[in-house]
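Asker: I would like the atomic coordinates for the input below:
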Amino acid sequence: MEALYVWFAELKDTFIRCFIEDDRWLWLAEGFGKSLLITAFSIILGLVLGIILAAVRSSYDKNEESLKLKGGIGYVFLKFFNGLSKIYITVIRGVPVVVQLMLWYFVFLKTQSNDVLIAVVAFGCNSAAYVAEIFRGGIMSVDNGQFEAGRSLGFNYVQTMIHIIIPQAVKSSLPTLLNEVIALLKETSVAGYVGIMDLTKAGDRIRGITFEAFMPLLAVAAIYLVTVIVLTKIFTSIERRLRRSER
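Answerer: You can find the predicted model right below:
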């Protein structure tokens, strides 16, 4: 019993030293806020770029034969941009995200002083490659009859994609897309490699000052875990509503 009391007393002292002294818990709060901010804007950038890449890739895959028969400048342009899209996706998916982050920070945007902006660009461009493949699969799963229905309504190809195909692709791709959001949140934990005070970096800073590793790392892990659980609950609720709306 006495040993248990001593253990709790030591645990309390460690907790106070790690989080209460000098208001070090504020570092975790600030870092968590930055992690959420980077994640939110990165997923927006990733969605915009990913939808564009997916539209180019799926348009080429669905219409390659017909465009090849017609020939002309339209086929050349689409083939060129499809090739660029494939190269982009291959490179981004083949290079570790931490290496991409350091390239953006130390090479491409080294004159930029806004660390958060650099992180958003790096993680957003990385996420775009995965979002593109998610949406491409969703677009390819839409029946070709939907394109014909759009044409019968007087829509051109771009209008058909915007008003008919992409909304259906988003709905079918939503579960995988929501998993990408969760993965992106966890990927931002490497932002500290370039000195950004995210949640993981805040925990590491506390560890460096107090020489206590267990408590700060446990706090960081718990915050990530709770956030992922909350996001999963929200996303599950969204999926249920979408399924009910289809009935």
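
Asker: name the helices or strands packed onto the strand or helix carrying S173?
Answerer: Using DSSP states H and E, S173 maps to helix 166-187. With contacts defined as 3 or more CB pairs under 8 Å, 6 or more residues apart in numbering; DSSP states H and E, helix 166-187 has these neighbours: helix 25-70, helix 115-141, helix 214-246. C-beta coordinates here come from the backbone N, C-alpha and C atoms, glycine included.

Asker: Centre of the chain to the last one, how far?
Answerer: Spelled out, that is helix 214-246. Mean-position distance between helix 214-246 and its chain equals 14 Å (CA atoms, centre = their mean, to the nearest Å).

Asker: contacting residues around the most centrally placed residue in the chain?
Answerer: Note on the chain: the residue nearest the mean C-alpha position is L184, at 3.7 Å, using CA atoms, centre = their mean. Shown in contact with L184 (CB atoms under 8 Å, 6 or more residues apart in numbering): T39, S42, I43, G46, F123, S127.

Asker: Count the neighbours of the fourth one for me.
Answerer: Using other CB atoms under 10 Å, G46 has 25 neighbouring residues.

Asker: tell me which residues in stretch 162-170 are buried?
Answerer: Under the neighbour-count criterion of 16 or more other CB atoms under 10 Å, stretch 162-170 has I164, I165, I166, A169, V170 buried.

Asker: go on, stretch 140-149?
Answerer: Using 16+ other CB under 10 Å as the test for burial, stretch 140-149 gives V142, F147.

Asker: about what we covered before: among the contacts of L184, which ones are buried?
Answerer: Buried subset of the contacts of L184 (neighbour count, 16+ other CB under 10 Å): T39, S42, I43, G46, F123, S127.
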